[in-house]
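K.L.:
Sequence first, then the predicted structure:
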Amino acid sequence: MSMSTGTTLSRKPNRRGVAAREKLLSTAVEMLGTGRPETVSINMVAKEAGLSWGSVQNLFGDSDGFWSAVADQVAEVGPDLWAKPQSTTIAGRVAEVTELYSKVLASPYAVTVETMRWALPRPLDVLEETHPRTAASIRRLDELASKAFVHFFDGVEGLDEERRTAMSEVLPAMLRSLRNEQLLGTHVDLERAHKAIVTMLTDYLEG
């Protein structure tokens, strides 16, 4: 994996460059979306896209610019992964958002970011030292996800704002942990755990 930390800014691409840029980003999402950590390699992505490391440098500047652009690409499609809520009750919304986010986490876009975060230096404070733009883009993704959770409960009466904010932080962490259990293999009854999460958070928000 190339880990260049240069600060060279990429030039504005022409039409051909735009096509190459889109090809590189879509290829990265396709490859990283499989969840294989070895795909977090710019050389591998470029080769699969039929391009070169030189093309990446011309279009993105360095590895930081490239991985930042991949995260930004995910941010662009993020709103399309969220459905509009249907229920008007707290219990209904919790059930909906829990099911929804479980599907989001399994999507190629979320898996792409997950794969990046495991393969690149971590935590984000460490990543920021070598890949500041990438770290900033991932932080933005986390912020957008939190806001999406909060806004998913807009219009529901009797909902405490502080608890709604806390839920937007706790629920994603709980569901990511459940997903890790699934990926690693576990004796845990995942369906029962999913239902328990819904019940606990509903009780918390209604309390």
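P.N.:
Right, received. Where do you want to start? Numbers count the residues shown, from 1 in each chain.

K.L.:
Show the subsequent helix or strand relative to the lowest-mean-pLDDT helix or strand in the chain.
P.N.:
Here the helix or strand of the chain ranked lowest by mean pLDDT, DSSP states H and E is helix 161-184, holding a mean of 90. Next helix or strand after helix 161-184 toward the C-terminus (DSSP states H and E): helix 190-206.

K.L.:
distance between that next one and the chain's centre?
P.N.:
Remark: helix 190-206 is offset 23 Å from the chain centroid, using Cα atoms, centre = their mean, to the nearest Å.

K.L.:
Any buried residues in that helix, and which?
P.N.:
Buried residues in helix 190-206, counted by 16 or more other Cβ atoms under 10 Å: 193-194, 197-198, 201-202, 204-205. From N, CA and C alone the C-beta is placed, and that goes for glycine too.

K.L.:
Next, the angle from that helix to helix 161-184.
P.N.:
Calculated by axes from the mean of the first three to the mean of the last three Cα atoms, to 10 degrees, helix 190-206 forms an angle of 170 degrees with helix 161-184.

K.L.:
elements contacting helix 190-206?
P.N.:
Helices and strands touching helix 190-206, by 3 or more Cβ pairs under 8 Å, 6 or more residues apart in numbering; DSSP states H and E, are helix 90-105, helix 161-184.

K.L.:
which one of those helices lies closest to R122?
P.N.:
Between R122 and the helices and strands packed on helix 190-206, the tightest spacing by Cβ to Cβ is seen for helix 161-184, at 14.0 Å.

K.L.:
what's next to the closest one, contact-wise?
P.N.:
Residues from elsewhere that reach helix 161-184 (Cβ atoms under 8 Å, 6 or more residues apart in numbering): 35, 94, 97-98, 101-102, 105-106, 145-147, 149-150, 153, 188, 190, 193-194, 197, 201, 204-205, 207.
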